[in-house]
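sequence-free structure coming up:
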């Protein structure tokens, strides 16, 4: 009963967008999520005081605006309510199975997929669409020595009482690190902030508008960098004047940090900047510059790995925290497997995932016409694997528009690849399927 359907793994923002796109395209699917409700990270992965760092306009689905009474930067609770409203209004809820964790998913010789759940139940699906997010597989810092206090990852932080009364060291300069250093400045005994390298801090607002709503993001990447460097100089100044290191990389080579609240606390002396950690001993931390501090709690705001633990090892490789997939969703060498949302846009998700999901649904429908996986066809057509997990919104929107226009070219490339593989199989006297898998490897 499942073999004619696809399975969407995950009911967060990306999984919901894919479900809506498949439904509109008339593609049969089921959807599962390991938690007790939809919303993904906005249900179980953020702290109570979190707000989006991109505006509601850039975060909302392109065809489903947020309520007019929402603030420019909605809270975690508002984001969850918005996603629940989207799922209800689009009729997605009846097809979502909650508390259904995927333990294993692997391809079969006929290109179907056997999916085994944590309770032992196994189903055979036509294919699998993985939307398991990228903010869950915690990266913990390597601390030379033994720390006698508490260590927690930012994902496990829930409310200010987790920090109250403690001498806190926050490690990491991303959005979570910025928020938690500021939170500690308000409620903890002390708040120190350690970063190994400089980070680009951007203001959340400029000229009375959210930064992500300004037309800067429609410019080429070099012009974005030029404009934002000017805004930083005008609105923030030199990070070194705050006691922070200057970034050693270009803007957008790593994810920038939106918000300057922590910089204000630095100026007030309520956050003390620190360099990277050299060693720990008991409650004492020694930093790279030889200075020391005494702490009760270390909060690791050190990011997340992109990983797919329920897939066979090596089936989808990840290099430099970038999934090795073509077209933003399609691994080469494996059919009916789609990885959606492993990359991060530089601003809100909604403006990109809505049109991208429509394109992906069209491509998934086309897969039935092709002998080879779409990822292998894109690879054959010289498509490139991204070297960074961060997406430029303007470039991505152009690629999506071109993607719709170039679907006939994809069909042509599929026919050429099939003929080439068939010729090689005859020449080598090998079965076509075996020859193709060897070529893909």
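All right, it came through fine. Model, not experiment: these values are computed from the prediction.

got the domain ranges for the protein?
6-136+305-435, 140-302 (automatic domain parsing).

for residue 270, what is the enclosing helix or strand?
Residue 270 is part of no helix or strand, with elements assigned from DSSP states H and E.

likewise residue 375?
helix 374-380.

in that helix, what's buried?
374-380 (16 or more other Cβ atoms under 10 Å). For every residue, glycine as well, the C-beta is placed using N, CA and C.

just give me the closest of those to residue 183.
residue 375 (42.0 Å; Cβ to Cβ).

so what's the nearest residue to that closest one once chain neighbours are set aside up against?
Counting by Cβ to Cβ, 6 or more residues apart in numbering, residue 375 lies nearest to residue 330, which is 3.5 Å off, once chain neighbours are set aside. Counting by Cβ atoms under 8 Å, 6 or more residues apart in numbering, residue 330 touches 338-339, 363, 373-375, 378.

and the gap between residue 330 and residue 363?
7 Å (Cβ to Cβ, to the nearest Å).

got JSON lines for the contacts of residue 330, with distance to residue 216 and pLDDT too?
Formatted as JSON lines, these follow (distance: Cβ to Cβ, whole Å; pLDDT from 0 to 100):
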{"residue": "338", "distance to residue 216": "32", "pLDDT": "98"}
{"residue": "339", "distance to residue 216": "29", "pLDDT": "96"}
{"residue": "363", "distance to residue 216": "30", "pLDDT": "96"}
{"residue": "373", "distance to residue 216": "37", "pLDDT": "94"}
{"residue": "374", "distance to residue 216": "33", "pLDDT": "95"}
{"residue": "375", "distance to residue 216": "33", "pLDDT": "94"}
{"residue": "378", "distance to residue 216": "30", "pLDDT": "92"}
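
and which of these is nearest residue 77?
Distances from residue 77 to the contacts of residue 330, taken by Cβ to Cβ, are shortest for residue 339, at 29.5 Å.

let me know whether the closest one touches residue 326 as I believe.
No - applying Cβ atoms under 8 Å, one finds residue 339 not in contact with residue 326, separated by 10.2 Å.

wait, what's in contact with the closest residue to residue 322 other than its chain neighbours?
Here the nearest residue to residue 322 in space, its sequence neighbours aside, is residue 389; by Cβ to Cβ, 6+ apart that works out to 5.1 Å. Residue 389 is in contact with 134, 306, 321-322, 342-344, counting by Cβ under 8 Å, 6+ apart.

rewinding a little: give me the residues contacting the helix holding residue 375.
Contact partners of helix 374-380, identified using Cβ under 8 Å, 6+ apart, comprise 325-327, 330-334, 363, 366-367, 370, 410, 413-414, 416-417, 436, 440.

list only buried entries from those residues.
Looks like the contacts of helix 374-380 have 325-327, 330-334, 363, 367, 370, 410, 413-414, 417, 436, 440 buried, using 16+ other Cβ under 10 Å.

all strands of the stretch 301-441 of the chain, in order?
Per DSSP state E, counting those that start in this stretch, the stretch 301-441 of the chain carries strands over the ranges 304-305, 318-319, 322-323, 337-339, 344-345, 390-391.

I'm done for today, thanks for sticking with me.
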